[in-house]
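S.K.: Got a predicted model here, sequence first, then my questions.
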Amino acid sequence: MTKVNWRLLGKSVWACAVGAITGTAIAIYPFSVTVQMGASSFKERLILALHSAMQLMPWLSLITFALMVVLGLPIQKLIQDVGETRWWPHAISAMAAGLIIPACTGIGILYSPFGGLAGFLAGSIFWLIRRPNKDKGNQQIQPGMNP
């Protein structure tokens, strides 16, 4: 049985929360602009989109956070177990989830590109906060370094 490092787990959950809120906040506004068809002018469309984004963001952030904890943390553990601690596997796997999950749920395929963007941003922010490459025991010796 593996011993749980509560500090790293807490840091991972915190990284999920920040990544979910930030990634969703950045991706939801362009999505909201694209679906505002009832506006008579572009300025009105931007304003309506802002109102729509502000209403959707808390719920989509919560959904993103839950999915990051339930799906993302085990994926991050698998990625780290194979010795991969670089940024791009975390960002790409989160982007793939962001592309696939909306198409498989009630959100719909229209949101998939924005879900991919949100996933990429959330995975990147997760990695920047969590920094699995700095965990003790996972540091790989680079050529030219003294062990």
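M.R.: Now that the structure is in, tell me what you want to look at. This one's a predicted model, so the numbers in the text were calculated from it and none came from an experiment.

S.K.: Where does the prediction get shaky in this protein?
M.R.: Residue ranges of the chain with pLDDT under 70: 1-2, 36-37, 39, 106-108, 136-147.

S.K.: ranges for the strands of this protein?
M.R.: Counting by DSSP state E, one finds no strands in the chain.

S.K.: what ranges do the helices span in it?
M.R.: Counting by DSSP state H, residue ranges of the helices within the chain are 6-35, 42-67, 73-81, 87-104, 112-130.

S.K.: Deepest in the core, which of the ones you listed is it.
M.R.: Looking across the helices of the chain with neighbours counted as mean count of other CB atoms under 10 Å, the highest average goes to helix 112-130: a mean of 23. All C-beta atoms are positioned from the backbone trio N, CA, C, and that covers glycine.

S.K.: what's that one packed up against?
M.R.: Using 3 or more CB pairs under 8 Å, 6 or more residues apart in numbering; DSSP states H and E as the contact definition, the elements that helix 112-130 packs against are helix 6-35, helix 42-67, helix 87-104.

S.K.: Of the ones you listed, which is nearest Gly123?
M.R.: helix 87-104 (2.7 Å; CB to CB).

S.K.: pretty sure Asn76 contacts Pro132?
M.R.: Quick fix: residue 76 reads Gln, not Asn. Yes. At 7.2 Å, Gln76 and Pro132 qualify as touching, with contact defined as CB atoms under 8 Å.

S.K.: what is in contact with the two at once?
M.R.: Here Gln76 and Pro132 have His90 as joint contacts, going by CB atoms under 8 Å, 6 or more residues apart in numbering.

S.K.: got the contact list for the closest residue to Met68 other than its chain neighbours?
M.R.: Distances taken as CB to CB, 6 or more residues apart in numbering put Cys16 closest to Met68, at 4.0 Å, once the chain neighbours are dropped. Shown in contact with Cys16 (CB under 8 Å, 6+ apart): Phe65, Met68, Val69, Gly72, Leu73, Ala122, Phe126.

S.K.: Appreciated, that's everything.
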